[in-house]
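Q: Sequence unavailable; structure follows:
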């Protein structure tokens, strides 16, 4: 994951949580409101929660004091990205190994496919 994606995701999740919690409180405390009013609150809160990731670029940034302690540092993310297992020499990267497979298993597959127009 990109080092800038995690803080973005955490900020969006916190804002969505605040929006939906406030809407839930209004809906619970406003039981005597009309159904149309409760429906409007529910629809607007869900629309705001869905639009928030797009609107986050235009909304002001809200600094949260304890948020930096929860997020991994960018230097730690770079260190993880630097660790890559290289394929063994002489092997083809990305191809499945045929070690341990018997030739009869693949021959059985071709036998079962012969009657169906296979070119085995």
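A: Yep, it's here. For clarity, every value in this text was computed on a predicted model and none was experimentally measured.

Q: Show me which residues of the helix or strand where residue 52 lies are buried.
A: Using DSSP states H and E, residue 52 sits in helix 35-55. Of the residues in helix 35-55, 38, 41, 45, 48-49, 52 count as buried by neighbour count, 16 or more other Cβ atoms under 10 Å. (C-beta placed from N, C-alpha, C; glycine too.)

Q: now stretch 10-26
A: 11-12, 15-16, 19, 23.

Q: Give the rounded mean pLDDT of that stretch.
A: For stretch 10-26, the mean per-residue pLDDT is 92.

Q: give the contact list for residue 16.
A: 49, 52 (Cβ atoms under 8 Å, 6 or more residues apart in numbering).

Q: Over to residue 48?
A: Residue 48 makes contacts with residue 19, as judged by Cβ under 8 Å, 6+ apart.

Q: For this structure, just list every one of the helices.
A: According to DSSP state H, the chain carries its helices in the segments 5-29, 35-55, 67-70, 74-81, 103-114.

Q: tilt between the first one and helix 35-55?
A: Going by axes from the mean of the first three to the mean of the last three Cα atoms, to 10 degrees, helix 5-29 is angled at 170 degrees with respect to helix 35-55.
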